[in-house]
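Asker: Generate a structure from the sequence data that follows.
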Amino acid sequence: MEYVYAALLLHKAGKPIDENSLAGVLKAAGVNADPVRVKALVASLAEVDIDEALKSQPMVMPAAAPTAPAPAAEKKPAEEKKEKEEKEKEEEKALEGLGALFG
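Answerer: Now for the predicted structure:
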């Protein structure tokens, strides 16, 4: 998918979609570009009018999830506080044991 995104980015920027520019965009994005895939994509896009292809495809946006508050989210701060107190008690006990070694 990264290859197609890179080609769309080049198209949007008005740059030619050739092997060097496509590989350069992929490299800049941190993708190790496969030369065979780059060449295949450039060859397949040579005969395509990208603007027309984008216009003919309907844009489908995913539906947003309902934003009802979760009951578990209300309990989380209380649980975190309890866990923090338990951890502090454990640390105090551990320090008491170390005090016996040196005191």
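
Asker: low-scoring pLDDT stretches of this structure, where are they?
Answerer: For the chain, the stretches flagged by pLDDT under 70 are 58-75, 93-103.

Asker: can we see that at 50?
Answerer: The chain contains residues with pLDDT under 50 at 103.

Asker: mind giving me the domain split of it?
Answerer: Domain segmentation of the chain under automatic domain parsing yields 2-56, 73-103.

Asker: can you redo these as a markdown table with mean neighbour count?
Answerer: Placement of C-beta: from N, CA and C, glycine included. Formatted as a markdown table, the domains of the chain follow (neighbours: other Cβ atoms under 10 Å):
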| stretch | mean neighbour count |
| --- | --- |
| domain 2-56 | 13 |
| domain 73-103 | 9 |
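
Asker: Wait, Leu26 touches Tyr5, no?
Answerer: No. Using Cβ atoms under 8 Å, Leu26 is not in contact with Tyr5; the gap is 9.2 Å.

Asker: ranges for the helices of this protein?
Answerer: Per DSSP state H, the chain carries helices over the ranges 2-12, 19-28, 35-45, 50-56, 71-102.

Asker: Off-centre distance for the third one?
Answerer: Taking Cα atoms, centre = their mean, to the nearest Å, the mean C-alpha location of helix 35-45 is offset from the chain mean by 25 Å.

Asker: what's the angle between that helix and helix 19-28?
Answerer: Interaxial angle of helix 35-45 relative to helix 19-28 (axes from the mean of the first three to the mean of the last three Cα atoms, to 10 degrees): 120 degrees.
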